[in-house]
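Trainee: pasting the structure only:
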């Protein structure tokens, strides 16, 4: 996980943070109030303010701002898990309009939120605070319902003052500083100059509807329908114990006794389902814990004591965490022994496949590592964590042609990870493809919210001698798109 962003960093970056956003042909009046943001009632005329396409562009723009600030968890295994869980819920919802994208915020606070267009964020602290997978699923189901009911479309009245780049940056700033801290206040002041106010929280009617539909989604997906009420109760108890230091989730999703009672009543009307949490759920909680412990020796000691004293919730997950700790401490023979035992129990577990290959890499068994990756990808083609790990291993061994072939195929998938473009730029550079190197870097910088750098790479590509007509036309068109985005924001 990345360290917390400093205030000076954000002040320096927010001046340009929103230049990366998609431009839409209309603007909004914005009223900023970082603590309490409200939506019009259901049925308000503002319900037609955003089209589906505009919602999706808005959500994607906010994500780029969050990524620009360095607050997205980019660990491929964690990203894959939260998307698998989220899409399991989406598959039984009334969704017809959105391709959902679930992401994890690098923040230990307990919170989650939905953005326009099917983008749903979860703070990693909420994952670790959940007591079982159904509780985590209940939060995602609630946020999914906000999206499928198009509550965001009711959030904005058409106006003439602000265009989407500024509005999306404001939403991102609130997400990054939603607990009212100095960081959030600086973000809002930097973007809006202290002169605007914004209101984008959900009404009680929206929350009630999201609860009702979320519980139904939970039940259809095979999770415990009572888990939403149990999670509410747990958060409510903590808020009473810790007061203003309680879960941030309750500041963005206010919970009352009446709301908990209604959630219980709805769950009681459904068949009782109490499925065990998946192994993947426990493994990912351990992975989060390992990623957030920078001290390798302390991590190893933690898992050694946990296994010795049997204080774990799930033994297999504890052994996985122990293997990560052994690998980080270069105790490779022990790590290999345990991961091979785990693979016998679950031979198809992607996390175990990658860990075994990483152990081989660290032991300088390069051929074995590549064989492990190649065999795994033949069994699970297109798997993102496997693909990223395999490409990185190929680059280390200077297998550039093979790496390019895999990248070219994988980048055709929807919403490819920005890291793939960075890897592609390295491959193209090694292969001597200068224009392709610049173009790949431009895609990478754009996806991480650095539009000026993206434009610079396009300019460098256009200056390359002997460009063919098709390539020059494509690059020139992209240059105009980037210049338009930058110019639109500069007017604000």
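Mentor: Noted; the coordinates are in hand. In this text, all values refer to a predicted model and were calculated from it rather than measured experimentally.

Trainee: which helix or which strand is home to residue 347?
Mentor: Using DSSP states H and E, residue 347 sits within no helix or strand.

Trainee: got the contact list for it?
Mentor: Residues near residue 347 by CB atoms under 8 Å, 6 or more residues apart in numbering: none. Quick note: C-beta positions are derived from backbone N, CA and C, even for glycine.

Trainee: do the one 3 residues further on as well
Mentor: By CB under 8 Å, 6+ apart, the contact list for residue 350 reads 77, 80, 376, 380, 383, 385-386.

Trainee: confidence score at it?
Mentor: Each residue has a pLDDT score; the one for residue 350 is 97.

Trainee: also the one 3 residues further on?
Mentor: Looking at residue 353, its pLDDT reads 97.

Trainee: so what's the nearest residue to it once chain neighbours are set aside up against?
Mentor: The shortest distance from residue 353 to any non-neighbouring residue, by CB to CB, 6 or more residues apart in numbering, is to residue 376 (4.5 Å). Residue 376 sits next to 350, 353-354, 357, 383, 386 when contact means CB under 8 Å, 6+ apart.

Trainee: where does the stretch 51-200 of the chain dip in pLDDT?
Mentor: Filtered on pLDDT under 70, the stretch 51-200 of the chain yields the residue ranges 153-170, 174, 177-200.

Trainee: repeat that for 80
Mentor: Applying pLDDT under 80 to the stretch 51-200 of the chain flags residues 51, 54, 151-200.

Trainee: that older thread, of all the contacts of residue 376, which comes closest to residue 465?
Mentor: Checking the contacts of residue 376 against residue 465 by CB to CB gives residue 386 as the nearest, at 38.6 Å.

Trainee: residue 372: neighbouring residues, count only.
Mentor: 23 (other CB atoms under 10 Å).

Trainee: who are the contact partners of it?
Mentor: 353, 356-357, 360.

Trainee: among those, which are in helices?
Mentor: Secondary structure from DSSP state H places 353, 356-357, 360 of the contacts of residue 372 in helices.

Trainee: PyMOL command for the buried members of those residues?
Mentor: The PyMOL selection below is limited to those of the ones in helices among the contacts of residue 372 classed as buried (16 or more other CB atoms under 10 Å):
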select buried, resi 353+356+357+360
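
Trainee: and the pLDDT for the nearest residue to residue 264 once chain neighbours are set aside?
Mentor: Once flanking residues are discounted, residue 264 sits nearest to residue 229: 4.5 Å by CB to CB, 6+ apart. pLDDT for residue 229: 90.

Trainee: next, count neighbours for residue 229.
Mentor: Counted with other CB under 10 Å, residue 229 comes out at 24.

Trainee: so what's it up against?
Mentor: 260, 263-264, 267.

Trainee: same thing but at 10 Å, please
Mentor: By CB atoms under 10 Å, 6 or more residues apart in numbering, residue 229 lies in contact with 138, 211, 215, 255, 259-268.

Trainee: show me the contacts of residue 350 that map onto strands.
Mentor: Using DSSP state E, no member of the contacts of residue 350 falls in strands.

Trainee: show me which of those residues are buried.
Mentor: For the contacts of residue 350, a burial check counting by 16+ other CB under 10 Å picks out 77, 80, 376, 383, 385-386.

Trainee: mind checking how far the nearest residue to residue 416 once chain neighbours are set aside is from residue 427?
Mentor: Take residue 416 and drop its neighbours on the chain: the residue closest to it by CB to CB, 6+ apart is residue 410, 6.8 Å away. Here residue 410 is placed at a distance of 12 Å from residue 427 (CB to CB, to the nearest Å).

Trainee: ok, residue 472 next?
Mentor: Look at residue 472 and residue 427: by CB to CB, they are 23 Å apart.

Trainee: ChimeraX command for the buried members of the contacts of residue 229?
Mentor: Command for ChimeraX that selects the buried part of the contacts of residue 229, burial taken from 16+ other CB under 10 Å:
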select :138,211,215,255,259,260,262,263,264,266,267
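
Trainee: which one of the contacts of residue 229 is nearest to residue 423?
Mentor: For those, the nearest to residue 423 is residue 138 (36.3 Å; CB to CB).

Trainee: residue 234 is in contact with that closest one, correct?
Mentor: No. Applying CB atoms under 10 Å as the test, residue 138 and residue 234 come out as separate, 11.1 Å apart.

Trainee: which residues are in contact with each of residue 410 and residue 427?
Mentor: Shared contacts of residue 410 and residue 427, counting by CB under 10 Å, 6+ apart, come down to residue 391.

Trainee: the more surrounded of these two?
Mentor: For residue 410 versus residue 427, the count of surrounding residues by other CB under 10 Å is larger for residue 427: 26 against 21.

Trainee: model confidence at that one, what's the number?
Mentor: 97.

Trainee: what comes into contact with stretch 273-281?
Mentor: Outside stretch 273-281, the residues touching it (CB under 10 Å, 6+ apart) are 77, 80-81, 84-85, 88, 127, 130-137, 218-219, 221-227, 267, 282, 284-285, 313-314, 316-317, 320, 345-346, 349-351.

Trainee: for this protein, what's the longest helix?
Mentor: Identified as the longest helix of the chain according to DSSP H is helix 469-490.

Trainee: distance of the most centrally placed residue in the chain from residue 64?
Mentor: Most central in the chain under CA atoms, centre = their mean is residue 103, positioned 1.7 Å from the mean C-alpha point. Residue 103 sits 12 Å away from residue 64, going by CB to CB.

Trainee: common neighbours of those two, please.
Mentor: Counting by CB under 10 Å, 6+ apart, the residues touching both residue 103 and residue 64 are residue 72.

Trainee: count of neighbours near the residue nearest to residue 58 when sequence neighbours are not counted?
Mentor: Spatially, and ignoring its direct neighbours in sequence, residue 58 is nearest to residue 116 (4.3 Å; CB to CB, 6+ apart). When counting by other CB under 10 Å, one arrives at 28 neighbours for residue 116.
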